[in-house]
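Engineer: Sequence first, predicted model second:
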Amino acid sequence: MYVLIAGGGKAGANVMRTLLRHGHEATIIEQKRDRFERLESEFEHQAMQGDATELYTLEKAGVKRPPDLVLALTGDDEDNLVISQLAKEKYGVQKIIARVNDPRNQPHFDLLGISPTVCATSSILGLVEHEVPEHDLVHLLELRKENLEIVEVQIDKESPSAGKTVEKLRLPEGSRLISVMRDGTAEIAVGSTELKPGDQVLAILQPGKEDELRRILLKK
Amino acid sequence: MKLIVIGCGRVGSTIAKRFASEGWNVTAVDENESALSRLGENWTGGFIVGHGMDTVVLREAGIEEADAVVVSTDGDNTNLVIGQVAQKRFGIECTVVRILDPARADFYRERGLRTICPTSTAIDSLTEAVRSCDIPTVREEVKA
């Protein structure tokens, strides 16, 4: 596999190292002189200095082959967006992974059709949510392409769904319960599954339906 | 008519003032508060401090009611993203974007974004200026 990496910070350099160790071919582009020199001493001719948002630099790095994968990992979201757009739409790269530095820019990546994206801040926030008990509904996974997400809710004594079977719940359209975890074992949720206080329920739903789901399962 | 100018440097501020003097309702957006001084003491239009990539800032500037948007920050990629957001998210057909790199300006122009490239304009003007000089075909010292 040939991989082109834009951005030689910690993320870029570590991915580069791993790819090479696994026998892949890769080029890493870094703009800053000091960073580039460190990369060059490690990766030699496989490191390139330049602005990866310039067509000239991308072409010198072999974007026209085209690479099997382009990773846009710079610290600037606007740069990652432009690199991704150029790779995809000008050079026909099939697979692109872009880093989102500021989660507020995620809608821009979505708007311009850049997917998948990785955002460290959002991942950390997701984990924080998981740790904080006040969050009664935890986002576990977002399936952007499918426009679906998987969430976890905890049923308690006051929940209106406690004591009811799944088929009796008036779940919002575009949502389903996946499984029920009770006393350390999980079971697939079917119509006859009865929810009990203490259950951890996984649900799949369309983004935006969280409040409706929360109301049916949790609110009095 | 309402115009939003994002990036209030030399170019953006002059455009803002020009349209304001023609009676347009103009709001300028810049990251730096000091950019307000470029609009002059008598500026009566809007001015928002914030980053143009931030849709909260764009909404505050009134992008939803804008007839035209000029994007002229000092970053090409920033301008490309803001321009596409104005055009695609907010549906502002008259979105005009300044891009210094001719290659990126051409690529995005082909994709339907109105990019203006001052570099290409300078290259054309300079070339034309040289061509229009009255240069004798045979130079004096060559004759001697």
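Structural biologist: Yes, it's here. Residues are numbered from 1 along each chain as shown, chains lettered A, B, ... in the order given.

Engineer: what secondary structure does A:Glu142 sit in?
Structural biologist: Three-state call for A:Glu142 (DSSP: H, G, I helix; E, B strand; the rest coil): strand.

Engineer: Summarise which helices and strands the one helix or strand B:Asn79 maps to is packed against.
Structural biologist: Per DSSP states H and E, B:Asn79 falls inside helix B:76-84. Under the contact criterion of 3 or more CB pairs under 8 Å, 6 or more residues apart in numbering or on different chains; DSSP states H and E, helix B:76-84 touches helix A:77-85, helix A:106-111, strand B:68-71, strand B:94-98, helix B:102-110. Every C-beta, even on glycine, is put in place using the N, C-alpha and C of the backbone.

Engineer: Just the mean pLDDT for that helix, thanks.
Structural biologist: The pLDDT scores in helix B:76-84 average 98.

Engineer: What of stretch A:199-215?
Structural biologist: Throughout stretch A:199-215, pLDDT has a mean value of 91.

Engineer: Show me the beta-bridge partners of A:Val3.
Structural biologist: With DSSP bridges as the criterion, A:Val3 is bridged to A:Ala26, A:Leu69.

Engineer: For chain A, what lies in contact range of chain B?
Structural biologist: Within chain A, the positions lying close to chain B (CB under 8 Å from any CB of the partner chain) are A:53-56, A:76-79, A:81-82, A:86, A:89-90, A:104-105, A:107-108, A:111-112.

Engineer: how about 7 Å then?
Structural biologist: A:53-55, A:78-79, A:81-82, A:86, A:90, A:104-105, A:107-108, A:111-112 (CB under 7 Å from any CB of the partner chain).

Engineer: quick one, what contacts the most far-flung residue of chain A relative to its centre?
Structural biologist: Taking CA atoms, centre = their mean, the residue of chain A most remote from its mean C-alpha position is A:Gly163, at 35.3 Å. By CB atoms under 7 Å, 6 or more residues apart in numbering or on different chains, the contact list for A:Gly163 reads A:Glu194.

Engineer: Name the residues of stretch A:102-118 that are buried.
Structural biologist: Neighbour counts using 16 or more other CB atoms under 10 Å in any protein chain shown place A:103, A:105-106, A:108-109, A:112, A:114, A:117 of stretch A:102-118 among the buried residues.

Engineer: Any chance of those residues in CSV with pLDDT as columns?
Structural biologist: Formatted as CSV, the buried residues of stretch A:102-118 follow (pLDDT from 0 to 100):
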residue, pLDDT
A:Pro103, 94
A:Asn105, 96
A:Gln106, 95
A:His108, 97
A:Phe109, 97
A:Leu112, 96
A:Ile114, 95
A:Thr117, 94
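
Engineer: A:Glu149: which of these is nearest?
Structural biologist: Of all the buried residues of stretch A:102-118, A:Glu149 sits closest to A:Gln106, with 13.6 Å by CB to CB.

Engineer: Would you mind stating the distance between that closest one and chain B?
Structural biologist: For A:Gln106, the distance to chain B equals 11 Å [CB to the nearest CB, to the nearest Å].

Engineer: Then A:Leu4?
Structural biologist: From A:Leu4 across to chain B, the span is 17 Å (CB to the nearest CB).

Engineer: and the lowest-mean-pLDDT helix or strand in chain A, what does it pack onto?
Structural biologist: Every helix and strand in chain A was compared by mean pLDDT, DSSP states H and E; the lowest is helix A:120-131, with a mean of 82. The contact analysis (3 or more CB pairs under 7 Å, 6 or more residues apart in numbering or on different chains; DSSP states H and E) places helix A:120-131 against strand A:137-143.

Engineer: Cool, thanks, talk later.
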